[in-house]
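Student: Pasted the sequence and its predicted model underneath.
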Amino acid sequence: MITRYAQFIKTHRAERGLSQATMAEKLGVSRPSYIAVEQGKRELTLSDTEKLAEIFGISVEEFTRAEVPNYGKYKEMILAYLRAPLSTDGKIPKTKLAKLLYLADFAWYYENLKSMSGMQYLRRAYGPVPDPYFRALAELEEEGKIIIDHKGDTMLVSLGEGAIRQKSELLDKAELELMQQIALKWKGKRTQEIVDFTHEQLPYKLCSPDEAIPYELITQQDPDYVY
């Protein structure tokens, strides 16, 4: 149990660019004491848990669940959507793709009480999105797995030669089927339509700007409005 929290804490600290010394100061402990936390050698008190959840911008419930994001799987989800029949030319606006990924993660949580990727979505003005989304796109483009075109102010994403024959290794059949269902529902729909849809969902409406959106909120959503 301690080890599970240790990796979770280390991952979230690194994602936010915080040093161990900074974390120790925020928690009000010595640097060696904090390092012991990341090494799984020190138990967390309730006060520690509450402080860490606040630092990471997540709920205590999310912290106690300690689900470490699967960044590699998240990148595979991007590629899976680009293989789906979402448009006639195979190009998907960057914003629409971000919303489809959010719907997949939260719809999977709705059905299974865990997300596909474990990524932390933040309530941004343009919709829910995890900070690593843009890094994932940049890496996939560099790897030749996606192509990014610019059409005016819109960024269009399509599948690259490096991923056409690549099979998903981290997504199982049920996960891919759910993503296919979501893709079919939103095929041909305008980006603004999916943006409006996600903005009207409870998880987005109940959170403050830039706040991490708890996955648990989707369980209160009307079943017909999950995706």
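Tutor: Everything's here; your move.

Student: Excluding chain neighbours, what is closest to the residue lying farthest from the centre of the chain?
Tutor: Distance from the centre of the chain peaks at Ser30, with 31.8 Å (Cα atoms, centre = their mean). Closest residue to Ser30 apart from its sequence neighbours, by Cβ to Cβ, 6 or more residues apart in numbering: Ala24 at 6.2 Å. Yep, even glycine has a C-beta here, placed from its N, CA and C like the rest.

Student: got a list of what that neighbour touches?
Tutor: 30-31, 33-34 (Cβ atoms under 8 Å, 6 or more residues apart in numbering).

Student: Ranking by neighbours, what's the top pick from those residues?
Tutor: Among the contacts of Ala24, the one with the most neighbours (other Cβ atoms under 10 Å) is Tyr34, at 23 neighbours.

Student: Point out the other helices and strands that the helix or strand harbouring that residue packs with.
Tutor: In the assignment (DSSP states H and E), Tyr34 maps to helix 31-38. In terms of contacts (3 or more Cβ pairs under 8 Å, 6 or more residues apart in numbering; DSSP states H and E), helix 31-38 is packed against helix 2-15, helix 20-27.

Student: tell me the domain boundaries of this protein?
Tutor: Using automatic domain parsing, the domain parsing of the chain gives 2-65, 71-225.

Student: Least confident of the ones you listed, on average?
Tutor: When the domains of the chain are compared by mean pLDDT, domain 2-65 comes last with a mean of 87.

Student: Spatially central, which residue of this protein would that be?
Tutor: Most central in the chain (Cα atoms, centre = their mean) works out to Met119, at 3.0 Å.

Student: So it is in contact with Tyr74, correct?
Tutor: Yes. Contact criterion Cβ atoms under 8 Å: Met119 and Tyr74 qualify, at 5.4 Å.

Student: before we move on, the earlier item: so what touches the helix holding Tyr34?
Tutor: By Cβ under 8 Å, 6+ apart, helix 31-38 touches 5-6, 9-10, 13, 20-21, 23-24, 27, 42, 44, 48.

Student: Kindly report the same for stretch 184-204.
Tutor: By Cβ under 8 Å, 6+ apart, stretch 184-204 touches 84-87, 93, 95-96, 99-100, 102-103, 106, 123, 126-128, 154, 205, 213-215, 217-218, 220-221, 225, 227.

Student: in the chain, which spans are helices?
Tutor: Ranges of helices in the chain, per DSSP state H, are 2-15, 20-27, 31-38, 46-56, 60-65, 71-83, 94-112, 132-142, 173-186, 191-200, 202-205.

Student: Okay, buried residues for stretch 45-52 please.
Tutor: Residues 48, 51-52 are the ones in stretch 45-52 that count as buried (16 or more other Cβ atoms under 10 Å).
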